[in-house]
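> Sequence first, then the predicted structure:
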Amino acid sequence: MVSAIAEDKPPKFAATDSDLFRKVKHKMAQFLFVESSGSSGEAGKTLTGRSAAKHLYDKIAIDTKDSRSDVTLQVLRPLCVFSWLLDKTQQGQLLKWESEILVQGAAAMPSGSKTFEKKSKKGSSKKHDTDALVASLFK
């Protein structure tokens with residue numbers, strides 16, 4: 001479970017709701033922490049667990065309302081890893097934000113055949129057609 005978090009993946013919990021698993025989940029939640037900015041002149045506070053997840057979620061919710069916002073998958077990553085700290089409605093919204101970012105990224109890609117350039121160790125380069133490369137994987 002801890003290795004999943006280290007790899008930026010949400011942990012898989014057993015379906016059992018034993019005392020041990022509740023304690024483990026509580027301890028694992030402490031791996032999520034953020035510094036909240038204090039009010040004017042006040043020092044920030046370190047939030048952990050559910051309060052950190054709520055703080056991040058609320059901040060992203062405000063940022064996504066701003067049309068100039070640059071919410072990226074990198075920004076969403078901590079919430080994706082610790083999505084089990086969110087309620088079902090928030091988890092659904094998180095999935096929606098991820099989908100919107102992916103759709104925007106796909107729309108920004110140029111249409112038509114795409115190529116990439118691969119350089120050899122000797123310094124020469126060769127252009128590759130990505131569509132042809134993907135197609136060849138499924139032959």
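Arrived safely, thanks for sending. Residues are numbered from 1 along each chain as shown.
> that's a helix at residue 17, yeah?
No: counting by DSSP: H, G, I helix; E, B strand; the rest coil, residue 17 is located in no helix; its state is coil.
> and the gap between it and residue 90?
Relative to residue 90, residue 17 is positioned 21 Å away (CB to CB, to the nearest Å). C-beta here means a position set from N, CA and C on the backbone, and glycine is covered the same way.
> of the two, who's got more company?
residue 90 (17 against 9; other CB atoms under 10 Å).
> so what's the more buried one closest to, chain neighbours aside?
Across the structure, with CB to CB, 6 or more residues apart in numbering as the measure, the residue nearest residue 90 apart from its sequence neighbours is residue 57 (5.6 Å).
> Any figure for the gap between the one you found and residue 95?
If you measure residue 57 against residue 95 using CB to CB, the figure is 13 Å.
> Look up phi and psi at residue 34.
Phi and psi for residue 34, reported as degrees, to the nearest 10, are phi -140, psi 150.
> ok, and the closest non-adjacent residue to it?
According to CB to CB, 6+ apart, the nearest residue to residue 34 is residue 52 (4.7 Å).
> Make sure the one you found is indeed in a helix.
Yes: counting by three-state DSSP, residue 52 is found in a helix.
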